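1. Give me the fold of what follows.
(one chain, ligands or ions: 2)
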Amino acid sequence: MAGRLAFAAIPERYRTLVMADFDTRWYGNDQKDADAVKAVARGYLGNYYTLDGRGLYLYSNTKGNGKTRLACIIANELVKMGIIVKFATAGDILEEIKRSWDSNTEYGLMSDLKTAEVLVIDDFGTVSAKGWINEKFYQIINARYVSKRPTIFTSNCDLATLERMQYDQRITSRIKESCFMVMFPGSSLRDKKNAQNQMDMKGWLGVGR
Ligand SMILES: Nc1ncnc2c1ncn2[C@@H]1O[C@H](COP(=O)(O)OP(=O)(O)O)[C@@H](O)[C@H]1O
Ligand SMILES: [Mg+2]
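-> Ligands and ions are numbered 1, 2, ... in the order given. All right, here's what the predicted structure looks like:
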């Protein structure tokens with residue numbers, strides 16, 4: 001378990017969260033939509049072994065509404081089930097690939113990304129896909145697709161937007177075929193949380209209220 005957790009490299013902030021920490025009351029007026037999203041996540045975990053390598057594509061056109069949080073919760077629950085999970089942001093993947101060119105270690109890195117039992121790619125679609133970026137993402141996503149290894153994406157783009165950002169149709173069609181598309185409710189929780197944080201801090205400072 002400890003080894004699997006270390007390999008997963010889930011960000012500190014989200015490492016200990018479990019499904020109960022996805023509190024849909026946070027979504028206010030959108031709570032019903034958030035409940036539906038949570039039901040998908042529960043269903044995914046409950047049926048993981050019969051889903052035959054299918055993944056999830058968690059998306060919304062706003063930031064800060066819990067996509068990374070839920071992806072990490074799912075990852076944590078999968079680790080508890082004994083599954084080897086790897087978490088990486090799309091940006092980290094590209095940076096690491098670039099760095100590996102100097103040391104001739106790209107093969108090992110790509111191999112980890114292709115063969116981890118479950119791969120979480122956070123913030124997919126933050127950079128436009130030019131030449132080699134398209135090629136590397138295609139290699140990772142296609143290798144996982146043909147070997148029926150699930151990939152869980154979070155993104156601020158739907159698939160049409162990805163294509164407008166020059167993501168190859170070979171990538172978007174693989175995602176379409178192998179992932180459940182999960183649209184997140186629109187409200188930005190980070191804004192709400194920041195507002196709450198500011199209120200709390202004012203309290204600690206003994207000002208306002
Ligand atoms: N259901 C929730 N309950 C409590 N806090 C939440 C919930 N969903 C998200 N948050 C908080 O809101 C902020 C933004 O969430 P995050 O998952 O980073 O958003 P996204 O990946 O969609 O941009 C984080 O601080 C996160 O912990
Ligand atoms: Mg995020």
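2. Against ligand 1, how distant is residue 72?
-> In this view, residue 72 and ligand 1 are 8 Å apart by Cβ to the nearest ligand atom, to the nearest Å. (C-beta placed from N, C-alpha, C; glycine too.)
3. what residues does the host helix or strand of that residue touch?
-> Using DSSP states H and E, residue 72 sits within helix 67-80. With contacts defined as Cβ atoms under 8 Å, 6 or more residues apart in numbering, helix 67-80 is touched by 1, 4-5, 8, 10-11, 14-19, 21-22, 37-38, 41, 44-45, 48, 56, 58-60, 85, 87, 118, 120, 122-123, 152, 154-155, 184.
4. what comes up buried for that helix?
-> Residues 67-79 are the ones in helix 67-80 that count as buried (16 or more other Cβ atoms under 10 Å).
5. Please compute how far it lies from its chain's middle.
-> Here the centre of helix 67-80 is set off from its chain's centre by 9 Å, with Cα atoms, centre = their mean, to the nearest Å.
6. which residues does the nearest residue to residue 33 once chain neighbours are set aside contact?
-> Excluding the flanking residues, the one nearest residue 33 by Cβ to Cβ, 6 or more residues apart in numbering is residue 185, at 4.0 Å. Residues near residue 185 by Cβ under 8 Å, 6+ apart: 27, 30, 33-34, 37, 60, 65.
7. Check residue 119 too.
-> 85-86, 88, 113, 140, 144, 149-152.
8. and it, what element?
-> strand 118-124.
9. Tell me the helix or strand right after the helix holding residue 72.
-> Going down the chain from helix 67-80, the next helix or strand is strand 85-89, by DSSP H and E.
10. what pairs with that next one, and is each one parallel or antiparallel?
-> Its sheet considered, strand 85-89 pairs with strand 118-124 (parallel) by DSSP bridges.
11. and the partner strand, which residues are buried?
-> When neighbours are counted by 16+ other Cβ under 10 Å, the buried residues of strand 118-124 are found to be 118-124.
12. relative to helix 67-80, how tilted is that strand?
-> Angle, strand 118-124 to helix 67-80, by axes from the mean of the first three to the mean of the last three Cα atoms, to 10 degrees: 170 degrees.
13. centre of the chain versus strand 118-124, how much separation?
-> 4 Å.
14. quick revisit: okay, the contacts of residue 119 in TSV with distance to residue 204 and pLDDT next?
-> Listed next are the contacts of residue 119 as TSV, based on distance: Cβ to Cβ, whole Å; pLDDT from 0 to 100:
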residue	distance to residue 204	pLDDT
85	36	95
86	38	95
88	35	95
113	42	93
140	45	97
144	46	98
149	46	98
150	43	98
151	41	98
152	37	98
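15. any idea how far ligand 1 is from residue 154?
-> Applying Cβ to the nearest ligand atom, the value for residue 154 to ligand 1 is 6 Å.
16. Close to ligand 1: what parts of the chain are there?
-> Residues of the chain lying close to ligand 1 by Cβ under 6 Å from any ligand atom are 22-23, 26, 63-69, 154, 189-190, 193.
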